[in-house]
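Enquirer: Sequence first, predicted coordinates after that:
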Amino acid sequence: MALERGARRLFAVDERAAAFGLYVGQKATDAVALVPELATADADPAADGTALTVLCDWCRRFSPAVAMDPPDGLFLDITGADHLWGGERPMMDDLVGRLAVNGLFARAAIAGTPGAAWAAAHFGACATIIAPDAEAESLAPLPIHALRLEAATAAQVMRLGLTTVGRLASLPRDQITRRFGPAVVLRLDQALGRAREALTFRHPPNPWFARLVFAEPISTSEDLARVARDIALELSGRLEAEGKGARRFDLVFHRLDGRSQSLAIGLCLPGRDAVAITRLFLPLLERVDPGFGVETVTLAAEDVESIIQRQAAFDGSRTTAVQETVAPFIDRLTNRLGEDAVWRAEAWPSHVPERAVARRPALSPPRGTGWDPGRPRPLRLFRDPQAIEAVAPVPDDPPIFFRWRGRPHRVRRAEGPERLAEEWWRHPFEAADPARARDYYRVEDEDGARFWLFRAGLYGADAHPKWWLHGLFG
């Protein structure tokens, strides 16, 4: 239900509700009076639009040209594609059957024009196929609403007794235009094939896309590996022809039951080597459950960039950058361990240790000047400082002894303090608080291990300052 014209009205009805005489636009109170056990739910047009978009993309397995017809329809141009399913009827049955398996009831029709297909799907028999040049005969008994006219225009036409498409089509065209305007004639001509209708087909935003459709479903691991190589070769050839490379590849296996299994790999440098791409996908194929078989495989390249070819030397050799030799190893680690497990630390402009390091891709170019050599930082910085017990001879001196994780450490050498406080723009009323200041010390114990310690709070301002271990040097 939805609020319309100051009253709650039915936004959509299913077949059972329609059988009781309920219709779209009917007041909710009237509908409940007719059917007291009526089950209703609030309409969500935004969610319906999102679902229709997802369904539109899913239908690309049947045709590369799919257009949306909000709020609940799709147009598929199946010219030259129906033979892949054995004809128009098997193709339509397959589409409707897949939707039904997933709990979506659909009405479909095939015709030579979008207008005729729309009219037959909405007002004709379910799963209708209109023969070529038979649009006028097939649409003649259908109601005038089958022409997709505006509600006010359709009501005006029906007031004159023109309740069917055939009655309207029997009138002279000049009389139709004079009485109802050119829009009615245009819709009639579009449905009967006398005028062309332009549809806006939804195309994926990524043009770097390859698709393989199989005559027979595949399910064995050897077949999955083979098609992964074949589709990688196809897409890599297109990338090479355009001088492009991609940092990410998404491989999707579409099963017979309508479900899909997705795999993704990432590259630290733009690439298009089909052998290397296939090698990265092979360990991931164990995750694929083919079910009753895979009928379609798609591969998409993301983050596509231009690749600069390296000049060969005069002796015929080719100079190879260090990054290119390390890149395959990093790619294997990244795709096996995850993107968050392989990264490079880079200095970030902040004097607070927790915010002075940024994670960057392993082979990304450096940004910034790096760390200040006059302020050394530990190789390993703990995510959260760990509490320790420390003993210092005087308040501002480094500790001479501390205990960490139950193990005692006697300090042999120490440097510091280096006083750090909160960034005032983050905590303007607390940055000057002495309790938020830290005094850092670089210390070395009798075994030669080096630690980065700090005291939180200042003597005098805090009766019992606390000591923490924040990192390890080496």
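Expert: Everything's here; your move.
Enquirer: per the record, what domains does the chain have?
Expert: With automatic domain parsing as the criterion, the domains of the chain are listed as 2-34, 45-192, 209-323, 380-473.
Enquirer: Now the terminal residues of the shortest one, how far apart.
Expert: What it means is domain 2-34. Here the two ends of domain 2-34 are set 18 Å apart, with distance taken as Cα to Cα, to the nearest Å.
Enquirer: Name the residues of it that are buried.
Expert: For domain 2-34, the neighbour count (16 or more other Cβ atoms under 10 Å) marks 8-11, 13, 17, 22, 26, 28, 31 as buried. (Glycine included, C-beta is placed from N, CA and C.)
Enquirer: Same list, those, but as a markdown table with secondary structure, pLDDT and distance to residue 291 please.
Expert: Formatted as a markdown table, these follow (DSSP: H, G, I helix; E, B strand; the rest coil; pLDDT from 0 to 100; distance: Cβ to Cβ, whole Å):
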| residue | secondary structure | pLDDT | distance to residue 291 |
| --- | --- | --- | --- |
| 8 | strand | 86 | 43 |
| 9 | strand | 88 | 42 |
| 10 | coil | 86 | 38 |
| 11 | coil | 85 | 35 |
| 13 | coil | 84 | 34 |
| 17 | helix | 86 | 34 |
| 22 | coil | 87 | 39 |
| 26 | coil | 86 | 42 |
| 28 | helix | 87 | 42 |
| 31 | helix | 88 | 41 |
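Enquirer: wait, which of the domains of the chain is closest to residue 338?
Expert: Closest to residue 338 of the domains of the chain, according to Cβ to Cβ: domain 209-323, at 9.8 Å.
Enquirer: Show me what the mean pLDDT comes to for that closest one.
Expert: The average pLDDT within domain 209-323 is 86.
Enquirer: Now do it: distance to the chain's middle.
Expert: Mean-position distance between domain 209-323 and its chain equals 18 Å (Cα atoms, centre = their mean, to the nearest Å).
Enquirer: Residues touching the biggest helix by length in the chain, excluding its own?
Expert: As assigned by DSSP state H, the longest helix anywhere in the chain is helix 221-241. Residues outside helix 221-241 that contact it (Cβ atoms under 8 Å, 6 or more residues apart in numbering) are 208-212, 214, 218, 245-246, 249, 251, 253, 272-274, 277-278, 281-282, 285-286, 288, 290, 294, 297-299, 301, 304.
Enquirer: For the buried residues of domain 2-34, work out which two are farthest apart.
Expert: Every pair of these checked by Cβ to Cβ; the farthest is 8 and 17, at 15.2 Å.
Enquirer: quick one: which helix or strand includes residue 251?
Expert: Secondary structure here is read from DSSP states H and E; on that basis residue 251 sits in strand 244-255.
Enquirer: Buried ones in that strand, by neighbour count?
Expert: 244-247, 249-255.
Enquirer: Quick check: next helix or strand after it?
Expert: Scanning forward in sequence from strand 244-255 by DSSP H and E, the next helix or strand is strand 260-271.
Enquirer: what's the angle between that next one and strand 244-255?
Expert: Going by axes from the mean of the first three to the mean of the last three Cα atoms, to 10 degrees, strand 260-271 is angled at 170 degrees with respect to strand 244-255.
Enquirer: angle of the next helix or strand after strand 260-271 against strand 244-255?
Expert: Using DSSP H and E, the helix or strand that follows strand 260-271 towards the C-terminus is helix 274-281. Here the directions of helix 274-281 and strand 244-255 differ by 50 degrees (the same axes, to 10 degrees).
Enquirer: Can you tell me which of the domains of the chain is nearest to residue 198?
Expert: Of all the domains of the chain, domain 45-192 sits nearest to residue 198, with 9.5 Å by Cβ to Cβ.
Enquirer: Need the distance between the two termini of that closest one.
Expert: Terminal residues of domain 45-192 lie 31 Å apart, using Cα to Cα.
Enquirer: Quick check: residue 91 vs residue 98, distance?
Expert: As judged by Cβ to Cβ, to the nearest Å, residue 91 and residue 98 stand 11 Å apart.
Enquirer: Give me the more crowded residue out of those two.
Expert: When residue 91 and residue 98 are compared for neighbours, residue 91 comes out ahead with 21 against 18, by other Cβ atoms under 10 Å.
Enquirer: Just give the nearest non-adjacent residue to that one, would you?
Expert: residue 85 (3.7 Å; Cβ to Cβ, 6 or more residues apart in numbering).
Enquirer: What is the burial count for the one you found?
Expert: 16.
Enquirer: Could you pull up the residues touching the nearest residue to residue 20 once chain neighbours are set aside?
Expert: Residue nearest to residue 20 in three dimensions, not counting chain neighbours: residue 35, with 5.0 Å by Cβ to Cβ, 6+ apart. By Cβ under 8 Å, 6+ apart, the contact list for residue 35 reads 17, 20, 22.
Enquirer: Thank you, goodbye.
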